[in-house]
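Enquirer: Have a look at this fold, sequence not included:
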């Protein structure tokens, strides 16, 4: 029979708990991986679109050098003496600017400025003449800049000391000194060294100290006309807006220089970025600690985990209740059973009498193994135990399921037999004695016998259990005195 064992109660549900949570966690990781891959696709597509913008603007700008003349129609000029620069801004009348520049872009605001040497404000200067031919580029870059949120800035830096930028703050925040510094910045130097007109130079993320102090990465390309260098077209991308969308997982996406790949092998979902015609050498990777990932897992799947936890607790309680009932039944049966033979003991016998099948006659048969002490002395106690177990088996086989068989202790057995006639009851008792006499040689060399006393009463009459057992015991004593191996009836 099973015994109450708290360890087993917890092991099975806990194993299922671990399995189910593992499945949910694996689904969460797969979902995160899909989200990360979608973000990677979004970022790579943004980078690829940026390259296409660079190529398109490069072509358009190169075509402007074919123009023989130009003019700043509907623009406002300001000579900023403090900055030492000339700043040109578009008129607030958008339609007038579009018409005068003979360009067509979707409606919206014009967010650009042109800044350069003070001579740029002089309509008779060479710089004015050069810059006026490129002004039609300004509304185009303004529209493109507003089209994509991650575009931090687009600007053309001419080798003739002027700049066209969108947003306007890039040009308007410059001074003569900072304009000179621009010509020493990495993207200018790298583009100057780029002799391949189709190649786009990538500058690793850096802080844009001239504009708003944000981290940007830069694509730049040199502009040539008739093999003569004219300037550099620059596209700044906000690292934060490029990498991080509204999706939760995007907060943990970062750019990694391929030269540092070995240092970051512990991060998952590494994704190389391939941008044709550039020297882009960075990876995308998902940087998240185990603690952060577990917190997100719990937050994302809180309903599922709560359901699992409730199911786990209810399962434990159910198993504990079932085991308690099983143990209670086991110990209850154990208190009624003889441990050696599995028969009822005296307590179990008395309790079973309440549920017995009632017929006309009931007999209480008391059997005792003859000369049991001699069996123990000659053959040993192990053989004596085997003799007791054997008698128990014979008794169980010789009576019906409705009869009650018990061992009261030692070599003494009691049977409650119900029968429709006295003769039938006596036949059962004699059959038991004879069966043991004929087959006991299987257990003890030479065999052994039993004697019995049977108190037979009318089942309709009231009787005292103690009285009938005493009566059967007296008959058993008489059978022993008269030579053993016999059964006496009242």
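Expert: Arrived safely. Keep in mind that what you see is a predicted model, and the values were worked out from it rather than measured.

Enquirer: helices and strands of the chain: which one has the lowest mean pLDDT?
Expert: Scoring the helices and strands of the chain by mean pLDDT, DSSP states H and E places helix 94-101 at the bottom, with a mean of 56.

Enquirer: shaky segments in this protein?
Expert: With pLDDT under 70 as the threshold, the chain has low-confidence stretches at 1-6, 93-108, 194-198, 209-211, 259-268, 330-335, 355-357.

Enquirer: So in it, which helix runs the longest?
Expert: The residue-count maximum for a helix in the chain (DSSP state H) belongs to helix 6-64.

Enquirer: Any idea how far that one is from the middle of the chain?
Expert: Helix 6-64 sits 15 Å away from the centroid of its parent chain (CA atoms, centre = their mean, to the nearest Å).

Enquirer: now swap in stretch 358-365 and tell me
Expert: Counting by CA atoms, centre = their mean, stretch 358-365 comes out at 67 Å from the chain centroid.

Enquirer: How about stretch 78-89?
Expert: Centroid separation for stretch 78-89 versus its chain: 61 Å, with CA atoms, centre = their mean.

Enquirer: can you give me the end-to-end distance of it?
Expert: End-to-end span of stretch 78-89 (CA to CA, to the nearest Å): 8 Å.

Enquirer: List the contacts of it.
Expert: Contacts with stretch 78-89, where a contact means CB atoms under 8 Å, 6 or more residues apart in numbering, come from 72, 75-77, 113-121, 131, 168, 171-172, 174-177, 179. Where you see a C-beta, it was placed from the backbone N, CA and C, and this is true even at glycine.

Enquirer: Just the buried ones among the residues you listed, please.
Expert: Neighbour-count burial (16 or more other CB atoms under 10 Å) applied to the contacts of stretch 78-89 gives 72, 75, 113-121, 131, 168, 171-172, 174, 176, 179.

Enquirer: can you pull out the helices in the stretch 151-300 of the chain?
Expert: Shown for the stretch 151-300 of the chain, the helices assigned by DSSP state H, counting those that start in this stretch span residues 168-172, 176-182, 186-192, 239-243, 290-300.

Enquirer: Deepest-packed of the ones you listed, please.
Expert: helix 168-172 (a mean of 20; mean count of other CB atoms under 10 Å).

Enquirer: ok, residue 123 - how many residues close by?
Expert: For residue 123, the count of nearby residues is 11 (other CB atoms under 10 Å).

Enquirer: quick one: secondary structure of it?
Expert: When classified by DSSP: H, G, I helix; E, B strand; the rest coil, residue 123 comes out as coil.

Enquirer: What's the first helix or strand after the longest helix of the chain?
Expert: Moving toward the C-terminus from helix 6-64, the next helix or strand (DSSP states H and E) is strand 75-80.

Enquirer: Tell me the neighbouring strands of that following strand, and mark each as parallel or antiparallel.
Expert: Here strand 75-80 has these sheet partners by DSSP bridges: strand 85-90 (antiparallel).

Enquirer: chain center to the strand it pairs with: distance?
Expert: Averaging C-alpha positions (CA atoms, centre = their mean) puts strand 85-90 58 Å from its chain's average.

Enquirer: just stretch 417-434 next, same as before
Expert: 70 Å.

Enquirer: Please work out which residues outside it touch it.
Expert: Residues outside stretch 417-434 that contact it (CB under 8 Å, 6+ apart): 356-363, 365, 367, 394-395, 398-399, 402-403, 415, 449-452, 454, 456, 459, 485-487, 489.

Enquirer: at 7 Å what do you get?
Expert: For stretch 417-434, contacts defined as CB atoms under 7 Å, 6 or more residues apart in numbering pick out 356-363, 365, 394-395, 398-399, 402-403, 450, 452, 454, 456, 487, 489.

Enquirer: do stretch 29-47 as well
Expert: The contact list for stretch 29-47, computed with CB under 7 Å, 6+ apart, reads 150, 242-243, 245, 247, 249-250, 253, 269, 271, 273, 275, 284, 286.

Enquirer: switch to 8 Å and redo it
Expert: Residues outside stretch 29-47 that contact it (CB under 8 Å, 6+ apart): 148, 150, 237, 242-243, 245, 247-250, 253, 269, 271, 273, 275, 280, 284, 286, 293, 296.

Enquirer: Please indicate which of those residues are buried?
Expert: Buried, going by 16+ other CB under 10 Å: 148, 150, 237, 242-243, 245, 249-250, 253, 269, 271, 273, 275, 280, 284, 286, 293, 296, out of the contacts of stretch 29-47.

Enquirer: Restricted to strands, list those.
Expert: Among those, the ones falling in strands (DSSP state E) are 237, 253, 269, 271, 284, 286.

Enquirer: Of those residues, just say which sits nearest to residue 207.
Expert: Distance to residue 207 across those (CB to CB) is lowest for residue 237, with 13.7 Å.

Enquirer: Identify the bridge partners of the closest one.
Expert: In beta-bridge terms (that is, DSSP bridges), residue 237 pairs with residue 151, residue 217.

Enquirer: Distance check, it against residue 400.
Expert: 94 Å (CB to CB, to the nearest Å).

Enquirer: and if you look at residue 164?
Expert: From residue 164 across to residue 400, the span is 112 Å (CB to CB).

Enquirer: Which residue ranges of the stretch 251-400 of the chain form strands?
Expert: 253-257, 268-272, 282-286, 361-369 (DSSP state E, counting those that start in this stretch).

Enquirer: wait, which of the ones you listed is closest to residue 54?
Expert: strand 282-286 (17.0 Å).

Enquirer: who does the closest one pair up with?
Expert: Sheet partners by DSSP bridges: for strand 282-286, these are strand 253-257 (antiparallel), strand 268-272 (antiparallel).

Enquirer: From the ones you listed, pick the one with the highest average neighbour count.
Expert: Comparing the strands paired with strand 282-286 by mean neighbour count (mean count of other CB under 10 Å), strand 253-257 ranks first with a mean of 18.

Enquirer: ok, which pair from the ones in strands among the buried ones among the contacts of stretch 29-47 is furthest apart?
Expert: Longest span within these, CB to CB: 237 and 269, 21.3 Å.

Enquirer: returning to that earlier point: including distance to residue 319, could the ones in strands among the buried ones among the contacts of stretch 29-47 go into a markdown table?
Expert: Shown next, in a markdown table, are those (distance: CB to CB, whole Å):
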| residue | distance to residue 319 |
| --- | --- |
| 237 | 59 |
| 253 | 45 |
| 269 | 41 |
| 271 | 47 |
| 284 | 48 |
| 286 | 41 |
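
Enquirer: Tell me the one of the residues you listed nearest residue 383?
Expert: For these, the nearest to residue 383 is residue 269 (75.5 Å; CB to CB).
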